[in-house]
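> Sequence isn't available, so here's the structure alone:
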């Protein structure tokens, strides 16, 4: 048989050129056999849907058919015909099938109904399943939506460094980068490690955020966004935390608090609408198999407006809920950092829509946030979402040199690490602000998945760096 150029499954399923010869290559999802006919479902990752290949077993070598097992990789060539089965428009009447890669009965992904926890142990193979194929296609589309949104709105894609000598959040929980011999560390008389002979000559780590460098870009280019990997060395074994994750961080000059909230809401709605417009089949699958309220929830986000809620008012609502008998695991009081249960109560039970919480106590927020006139609160903004809790954290940045310097001193942040950041307030300072969106939390919301480890191909968590 002459060589036929491969057609992706997604294109075959949309093709109406019945009677033409087509070739598909992919992995076998199912193989049902009988004496008179075999049905082989093939998927190549281009769509959630499989193409059905119908085989006359009398016309194909029985030894070859025996190798067509779940997980095997095959090439099938045949005539494209209208399908008689429900839920599919076309199928292939097989003329030739070639097994490109066999798959034994010990293939871990052929079991039905196995837990996501079990599949994480086989993260190198779980991508071939329907669920993870759908999640990864949605993840791709969200990345495209992000770049599309910012490009259309005049932002410049800005690449902040992954190796850094500064700690944006002041948390100190960073992965250190070094070329030093860890078995023979040079130390000073106080037992502190000397970095003079290290690659950079100073202590460096993997970045927790591109924000500080992003501010430098915004005060030169007007509006920028970063989109790249970030790292937190927190020993957090929760469904919402990763040690390596991706962040989207726009920074904008000449923006105030209202402008910032408008940007956050418009950006999120754009991304969700993109998913609804471009991931229909995958979202319908996830709505059916993972979360039956998914499509309804996504639609409600793009159709309704976000609540804009001062922190103090949010605390009052939570205190009233406690007084009315609602039980929280963590106590509620002004000055506390809200727990996920508090955020979700406000979003899911009280307002029943997304909330942008603003004007937090300054002591629970980062040093760079603009302090309000009351001296107690800062112009921080957290976007709170159903099922997720915080999905965005942002703020108007403090543009006044004296106020920013005083806050750095008050928090005992080493001035030697901040001299370049302070220079932006010394030379032509301007009002500016921005936010950070954890990409995986966005994917969690858009897919309905329940664990953040299931929306990134190879999760990095405490005691886990496989694959």
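That came in fine, so what should we check first? Keep in mind the model is a prediction, meaning the values are calculated, not measured.

> State the distance from residue 231 to residue 245.
According to CB to CB, to the nearest Å, residue 231 and residue 245 sit 8 Å apart. C-beta: built from backbone N, CA, C; applies to glycine.

> do the same with residue 174
Remark: distance between residue 174 and residue 245 (CB to CB) = 14 Å.

> Need the residues touching each of the two.
Shared contacts of residue 174 and residue 245, defined by CB atoms under 8 Å, 6 or more residues apart in numbering, are found at residue 232.

> Now do stretch 268-288: everything it contacts.
47-49, 130-131, 134-135, 137-138, 141-142, 144-146, 148-149, 293-295, 298-299, 301-302, 354, 383, 391-392, 437, 442, 445-449.

> Mind checking the pLDDT average for that stretch?
Confidence for stretch 268-288, expressed as mean pLDDT, is 98.

> swap in stretch 445-463?
The average pLDDT within stretch 445-463 is 95.

> if we can go back for a sec, drop the exposed ones from the contacts of stretch 268-288 and show what's left.
In these, burial by neighbour count holds for 47-49, 130-131, 134-135, 137-138, 141-142, 145-146, 149, 294-295, 298, 301, 354, 383, 391-392, 437, 442, 445-449, counting by 16 or more other CB atoms under 10 Å.

> Return the subset of these lying in strands.
Per DSSP state E, strands hold the following members of the buried ones among the contacts of stretch 268-288: 383, 391, 392, 437.

> and these, which two are the farthest apart?
The largest distance within these, taken as CB to CB, falls between 383 and 437 and amounts to 8.2 Å.

> Now find how far off-centre the least confident helix or strand in the chain by mean pLDDT is within its chain.
Least confident helix or strand of the chain, by mean pLDDT, DSSP states H and E, is helix 116-120 with a mean of 90. With CA atoms, centre = their mean, to the nearest Å as the basis, the distance from the averaged C-alpha position of helix 116-120 to the chain average is 18 Å.

> what's it in contact with?
Contacts of helix 116-120 (CB under 8 Å, 6+ apart): 109, 126, 129, 132, 450, 451, 453, 454, 459.

> Might you report the residue contacts of the first one?
When contacts are counted by CB under 8 Å, 6+ apart, residue 109 is found next to 71, 119, 122, 125, 126, 128, 129.

> again, but for the fifth one
In this structure, residue 450 makes contact with 116, 239, 290, 444, judged by CB under 8 Å, 6+ apart.

> Could you identify the buried members of those residues?
Judged by 16+ other CB under 10 Å, buried ones among the contacts of residue 450: 290, 444.

> Out of the contacts of residue 450, the closest to residue 5 would be?
Relative to residue 5, the closest of those is residue 290; by CB to CB it sits at 35.5 Å.

> For the contacts of residue 450, which two are the farthest from each other?
The farthest-apart pair in these, when distances are taken by CB to CB, is 239 and 290, at 13.9 Å.

> thought residue 70 was touching residue 112?
No. With contacts defined as CB atoms under 8 Å, residue 70 does not count as touching residue 112, sitting 10.2 Å away.

> Give me the more crowded residue out of these two.
Neighbour count, other CB atoms under 10 Å: between residue 70 and residue 112, residue 70 has more, with 16 against 4.

> if we can go back for a sec, immediately after the least confident helix or strand of the chain, which helix or strand?
Using DSSP states H and E, the next helix or strand after helix 116-120 towards the C-terminus is helix 123-126.

> buried ones in that following helix?
Neighbour-count burial for helix 123-126, counted by 16+ other CB under 10 Å, picks out 123, 126.

> Check the separation of the first and last residues in stretch 192-201.
End-to-end distance for stretch 192-201: 14 Å, by CA to CA, to the nearest Å.

> if I pick residue 78, what's in contact with it?
Residue 78 makes contact with 21, 22, 53, 54, 92, 93, 94, 95, 96, according to CB under 8 Å, 6+ apart.

> which residues does the third one bridge with?
I take that to be residue 53. The residues listed as beta-bridge partners of residue 53 by DSSP bridges are residue 40, residue 92.

> Now do the same for the spatially most central residue of the chain: its pLDDT.
Averaging the C-alpha coordinates of the chain gives a centre point, and the residue nearest to it by CA atoms, centre = their mean is residue 440 (2.0 Å). Residue 440 carries a pLDDT value of 97.

> Show me how far the helix or strand hosting it is from its chain's centre.
Secondary-structure assignment from DSSP H and E places residue 440 in helix 439-447. Using CA atoms, centre = their mean, we find the averaged C-alpha position of helix 439-447 to lie 5 Å away from the chain's own average C-alpha position.

> go on, stretch 145-157?
Averaging C-alpha coordinates over stretch 145-157 and over its chain gives two centres that are 17 Å apart (CA atoms, centre = their mean).

> what mean pLDDT would you report for that stretch?
Across stretch 145-157, the average pLDDT comes to 98.

> same deal with stretch 200-209?
Model confidence over stretch 200-209 averages 92 on the pLDDT scale.

> and what of stretch 379-390?
Stretch 379-390 shows a mean pLDDT of 93.

> what comes into contact with it?
Contacting residues not belonging to stretch 379-390 are listed as 240, 257, 260-261, 264-265, 268, 297, 301, 306, 340, 343-344, 346-348, 354-360, 365, 369-372, 391-396, 433, 435, 441, 444-445 [CB under 8 Å, 6+ apart].

> List buried residues within these.
If you count burial by 16+ other CB under 10 Å, the buried members of the contacts of stretch 379-390 come out as 240, 257, 260-261, 264-265, 268, 297, 301, 306, 340, 343-344, 346-347, 354-360, 365, 369-372, 391-396, 433, 435, 441, 444-445.
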